[in-house]
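Q: mind looking at a prediction? Sequence and model below.
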Amino acid sequence: YPGSGIAQGSEAREGRSPSWFNAAEAVQVLRYCCLLARSLSSQVSASDIGVITPYRKQVEKIKILLRNVDLTDIKVGSVEEFQGQEYLAVIISTV
């Protein structure tokens, strides 16, 4: 499933947290996940999708969005968490 996309938005931090996030990009990741997992023509299930992002806060934001639309089977984490695993579709959020 090749593709690319650029989400407009800006990176931010909450309070004293050193971790960055980009809310607009998190929403775009959610849209891609919904498109992949819920398309009638798609052969990709939620458990076939992985979302990689380098920042813990972005992981949290994306997980919350996915939970709100009942797509909790999608794995979201850092590069280290994905080592040795394979997914049919991988979305990379660079913040």
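A: Noted; the coordinates are in hand.

Q: host element of the residue of the chain most remote from its centre?
A: What lies farthest from the middle of the chain is residue 16; by Cα atoms, centre = their mean that is 23.5 Å. If you go by DSSP states H and E, residue 16 is not part of any helix or strand.

Q: same check, this time on residue 80
A: Assigned by DSSP H and E, residue 80 belongs to helix 79-82.

Q: list the contacts for the residue farthest from the centre of the chain?
A: Residues near residue 16 by Cβ atoms under 8 Å, 6 or more residues apart in numbering: none. Yep, even glycine has a C-beta here, placed from its N, CA and C like the rest.

Q: how about residue 52?
A: Contacts of residue 52 by Cβ under 8 Å, 6+ apart are 77, 78, 79, 82, 90, 91, 92, 93.

Q: quick one: those as JSON lines, columns for distance to residue 39 and neighbour count too.
A: Below are the contacts of residue 52 laid out as JSON lines (distance: Cβ to Cβ, whole Å; neighbours: other Cβ atoms under 10 Å):
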{"residue": "77", "distance to residue 39": "24", "neighbour count": "16"}
{"residue": "78", "distance to residue 39": "27", "neighbour count": "14"}
{"residue": "79", "distance to residue 39": "27", "neighbour count": "10"}
{"residue": "82", "distance to residue 39": "23", "neighbour count": "16"}
{"residue": "90", "distance to residue 39": "17", "neighbour count": "15"}
{"residue": "91", "distance to residue 39": "15", "neighbour count": "22"}
{"residue": "92", "distance to residue 39": "20", "neighbour count": "12"}
{"residue": "93", "distance to residue 39": "20", "neighbour count": "22"}
